[in-house]
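> A predicted structure for the sequence below; I have some questions about it.
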Amino acid sequence: MGTVLLSGLFARYTVKREKGDAMTSRRTPILAINFKAYPTAFGEKGLAIALAADHVAAEYGGSLEVIVAVPATEIVRVSDAVEHVKVYSQHADAVEPGPHTGFLPLEALREAGARGTIINHSEHRVGLNDIDFVIRRATSLGMEVLVCADTPTAAAAAAALSPTMIAIEPPELIGTGIPVSRAKPEIVRETVRLIRMINPEAVVLTGAGITVGEDAVAAIRLGTQGVLVASAVMKASDPEAKIRELAEALARAAEKELG
Ligand SMILES: O=C[C@H](O)COP(=O)(O)O
């Protein structure tokens, strides 16, 4: 991380604290579903899963936030069809619109219907400068950013950039069905501890291996505000039932733990 970026982070953090921002505690849990590039993520199958998520989100009204991070090719199709979920891109490039062949500027994603984007997923890593660029530009465009981090310290660095959300995801558990919230709770706890010191109002998600409702309950109990999930939904024989199971668990746990 360069000195310039570090001093920029410090300046932003200092400004935030000087303003006396309240230490907000989010009450609405988040279910973020990353479609990745699973065969079920595209075309009619992807649309059906997005609509299933939309049905579940509608059932919860404003008491649960559901995000679907769809492939870039599906953003228009899904955005046109859903009403209750937020559609995210799975990645954005740190470029302005212009001569950048094959890149994805935020402006293009927004035009397609995306409300936000994931950045720095373990399967699509970028540098901290790019993360910073994407967060700043997204903020100016009124878009949201979910930054993925593989360690507590990486999550803390991301938190200093003031993204909308940070997801802690140990890469070795991704796609395994072994939930980080139960297999490595100390990683989630340490992430929350570090982030709270840097950015008290940051929203933190637990990701990797989240498979059943109990995994989501454990994520809330560890002090995070929701989960980032992929394979459990995208490979489910009944995706809507799986989404509903996770949603119910999150809503129940949030009511108990977050008040
Ligand atoms: O973006 C989602 C995460 O990488 C988690 O994936 P997973 O639920 O398949 O473990």
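That came through, no problem. Residues are numbered from 1 along each chain as shown.
> from memory residue 150 sits against residue 170, does it?
Yes - using C-beta atoms under 8 Å, residue 150 is in contact with residue 170, at 6.3 Å. Every residue, glycine included, has its C-beta placed from N, CA and C.
> what phi and what psi does the backbone show at residue 117?
Note on residue 117: its backbone torsions stand at phi -150, psi 150 [degrees, to the nearest 10].
> how close does it sit to residue 150?
Separation of residue 117 from residue 150 (C-beta to C-beta, to the nearest Å): 18 Å.
> the more surrounded of these two?
residue 117 (27 against 19; other C-beta atoms under 10 Å).
> per-residue pLDDT of residue 255, please?
With respect to pLDDT, residue 255 scores 86.
> CA atoms only: put the host helix or strand of it into PDB for me.
If you go by DSSP states H and E, residue 255 is part of helix 239-257. This file holds the C-alpha atoms of helix 239-257, laid out as PDB (Å, rounded to 0.1, in the frame of the first residue of the first chain):
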ATOM      1  CA  PRO A 239     -33.000 -22.400  -5.100                       C
ATOM      2  CA  GLU A 240     -36.100 -20.600  -3.800                       C
ATOM      3  CA  ALA A 241     -36.300 -23.000  -0.800                       C
ATOM      4  CA  LYS A 242     -32.600 -22.500   0.000                       C
ATOM      5  CA  ILE A 243     -33.000 -18.700  -0.300                       C
ATOM      6  CA  ARG A 244     -36.000 -18.800   2.000                       C
ATOM      7  CA  GLU A 245     -34.200 -21.000   4.500                       C
ATOM      8  CA  LEU A 246     -31.300 -18.500   4.700                       C
ATOM      9  CA  ALA A 247     -33.600 -15.500   4.800                       C
ATOM     10  CA  GLU A 248     -35.700 -16.900   7.600                       C
ATOM     11  CA  ALA A 249     -32.600 -17.700   9.700                       C
ATOM     12  CA  LEU A 250     -31.100 -14.300   9.100                       C
ATOM     13  CA  ALA A 251     -34.300 -12.500  10.000                       C
ATOM     14  CA  ARG A 252     -34.800 -14.600  13.100                       C
ATOM     15  CA  ALA A 253     -31.200 -14.100  14.300                       C
ATOM     16  CA  ALA A 254     -31.200 -10.400  13.500                       C
ATOM     17  CA  GLU A 255     -34.400  -9.900  15.500                       C
ATOM     18  CA  LYS A 256     -32.800 -11.600  18.500                       C
ATOM     19  CA  GLU A 257     -29.200 -10.300  18.200                       C
END
